[in-house]
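# give me a model of this one.
(one chain, ligands or ions: 1)
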Amino acid sequence: MNTISILPNYINGQWCASKATDYLEVINPATAEVLAQVPLSLALELNEAATAAAVAFTTWRRTPPTERVQYLFKLKNLLEAHFEDLARTITLECGKTLAESQGEMRRAIENVEVACGIPMMMQGTNLEDIAKGIDEIMIRQPLGVAAVICPFNFPGMIPFWFLPYAIACGNTYIVKPSEKVPLTMQKVFQLLEKTGLPKGVINLVNGTKEVVDAILDHPQIRAISFVGSTPVAKYIYSRGAANGKRLQCQGGAKNPIIILPDADIEMTTRIAADSAFGCAGQRCLAASIAVTVGTARQTFTEAIAETAKKRIVGNGLDQSVQMGPVITAQSKTRIEELIQKGADEGANLLVDGRHPNITGYENGNFIRPTILQNVQPAGEIARTEIFGPVLSLIHLDTIDQAIALVNSGQYGNMACLFTTSGAAARKFRYEAEAGNIGINIGVAAPMAFFPFSGWKDSFFGDLHGQSNHAVEFFTQTKVIVERWPSDWSRQF
Ligand code: NAD
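Numbering: from 1, shown residues only. Model (predicted):
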């Protein structure tokens, strides 16, 4: 008989059973198999982690940056050695295809690589003689204890937008994974443990709202990173700020892509389909609205409908599969209801992917790619984040109308343009109100050495995840103004 394991927390260098009395099942979205139970840890366990991290900070901040990054070099090697196992774990608990999980882990590793440059990236600035005989120096110091609260859709990558920079800068850290996909971080923490990091530097606390609220209120936690839906991002931002925390909160999205009449339709269709249906549309950088301008309407509409129908849907572990399930049965129901809502608002269901029959996976949360045509720009379906494999088509006459539509949206995570015109591309990148822009790119995901730049209701805060933004987020500046009169010097 298979026994379902209850996942432990990792606090102060120890794997420890949670004191929780409530648990949630971790379910494989392709098969409905129960993979594990995740404890809804208590506030007192978060307190134990924060206390351990605060104690560890006193020594860790004094460890030279060159020594701190040695742990990251070890981690990079361990992540490479366990790459396939980590990718498989992501697919098991999250549903995406193995290739998508591998791509996710590659970006996670890139962030470790970038953070290995902390001895350069963390440097300050200085200027001699700001006044006669007076020098001014700006240094960066770590904050103390920091924490991240993660969403379900990138269980391997998203903690790495923050963790490597936080600890390389000399902070100590707490990870709260999504309760839907906690297994990948269990494996990552087993590797982090193998690096020999001093106890208390990194901690893992599973759970939901009780742990999150304890993070937001804990006096020893100085900085919080959040990635998830916009309503929760707003909540974290306001409660955390009221408690004086430094915050960066990445929220939801509704990403438009614009197709001009001069676009290469074959390439555009392939890229747009990958963007809309990759990861079953559960990507904060998924294209969810395609705006065709002028004659692109007919050519693109026909091509994308054909491509959508051909996409192979199934268990992500199967190499031939191009799209996996959505995360939960509730999510599937919600997406199917939103598709119906679009039809009720007057859209034409050009490709209807609801209620598919995936042989051998009758209990999985599958929806096939879906395309809604003639979606009303002001309607609910054009405004709501669906977070499923659903592309809405809107037709407009000019690029100005299309940019106006982009800029009227609540979110600003990503906007893309497909064209062969440099002038149109320049106009778009200049005027579009989104923080990540794609030109003939469908998923404009910044590399680890650029900040992940959401705008509007896709981001609350100032400094983003990744790269130099992460270094600034995880350090506080100290300015020293010094006078050493020469007549104080002893003559040697
Ligand atoms: P979610 O907001 O439901 O959950 C995110 C985290 O918040 C989880 O750890 C969860 O335990 C916690 N949480 C949920 N409700 C809470 C509450 N009421 N109080 C305190 N904590 C709470 O998000 P999700 O469904 O896991 O992830 C999908 C969302 O994340 C989508 O909206 C997607 O666009 C967004 N996302 C954004 C980015 C980005 O970079 N902007 C990246 C990935 C995902």
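
# what's around Glu80, how many residues?
For Glu80, the neighbour count with other Cβ atoms under 10 Å is 11. Bear in mind the C-beta positions are built from the backbone N, C-alpha and C, glycine included.

# who touches it in this structure?
Under the criterion of Cβ atoms under 8 Å, 6 or more residues apart in numbering, the neighbours of Glu80 are Ile109.

# Ile394 should be in a strand, yeah?
Yes. Ile394: assigned to a strand according to DSSP: H, G, I helix; E, B strand; the rest coil.

# what's the neighbour count on it?
With other Cβ under 10 Å as criterion, Ile394 counts 23.

# now the one 10 residues further on
By other Cβ under 10 Å, 13 other residues sit near Ala404.

# let me see the mean pLDDT of the helix or strand harbouring it.
Secondary structure from DSSP states H and E places Ala404 in helix 399-408. For helix 399-408, mean pLDDT rounds to 98.

# in that helix, which residues are buried?
399, 401-403, 405-406 (16 or more other Cβ atoms under 10 Å).

# next one: stretch 60-71
60-61, 65, 68-69, 71.

# just the endpoints, please. Distance across that stretch?
Using Cα to Cα, to the nearest Å, one end of stretch 60-71 lies 12 Å from the other.

# got it, and stretch 188-203?
11 Å.

# chain center to that stretch: distance?
22 Å (Cα atoms, centre = their mean, to the nearest Å).

# neighbouring contacts of that stretch?
Here stretch 188-203 has contacts from 9-14, 49, 52-53, 55-57, 59-60, 63, 71, 74-75, 78-79, 82, 86, 156, 159, 163, 167, 172-175, 204, using Cβ under 8 Å, 6+ apart.

# among these, name the buried ones.
Buried among the contacts of stretch 188-203 by 16+ other Cβ under 10 Å: 9-12, 49, 52-53, 55-57, 60, 71, 74-75, 78-79, 82, 86, 156, 159, 163, 167, 172-175, 204.

# near the ligand, from these?
Checking the buried ones among the contacts of stretch 188-203 against the ligand by Cβ under 6 Å from any ligand atom, not one of them is in range.

# of the residues you listed, which belong to strands?
9-11, 172-175, 204 (DSSP state E).

# just name the closest of the residues you listed to the ligand, please.
Val175 (10.1 Å; Cβ to the nearest ligand atom).

# so that closest one makes contact with Leu163?
Yes. With contact defined as Cβ atoms under 8 Å, Val175 and Leu163 form a contacting pair (6.6 Å).

# could you tell me which residues touch both of the two?
In contact with both Val175 and Leu163: 148, 202, using Cβ under 8 Å, 6+ apart.

# a markdown table for the buried residues of helix 399-408, including distance to the ligand?
Listed next are these as a markdown table, based on distance: Cβ to the nearest ligand atom, whole Å:
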| residue | distance to the ligand |
| --- | --- |
| Ile399 | 26 |
| Gln401 | 26 |
| Ala402 | 22 |
| Ile403 | 22 |
| Leu405 | 19 |
| Val406 | 17 |
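
# out of those residues, flag the one nearest to Leu40.
If you rank the buried residues of helix 399-408 by distance to Leu40 using Cβ to Cβ, Val406 comes first, at 39.8 Å.

# quick check: that closest one vs Asp22, distance?
43 Å (Cβ to Cβ, to the nearest Å).
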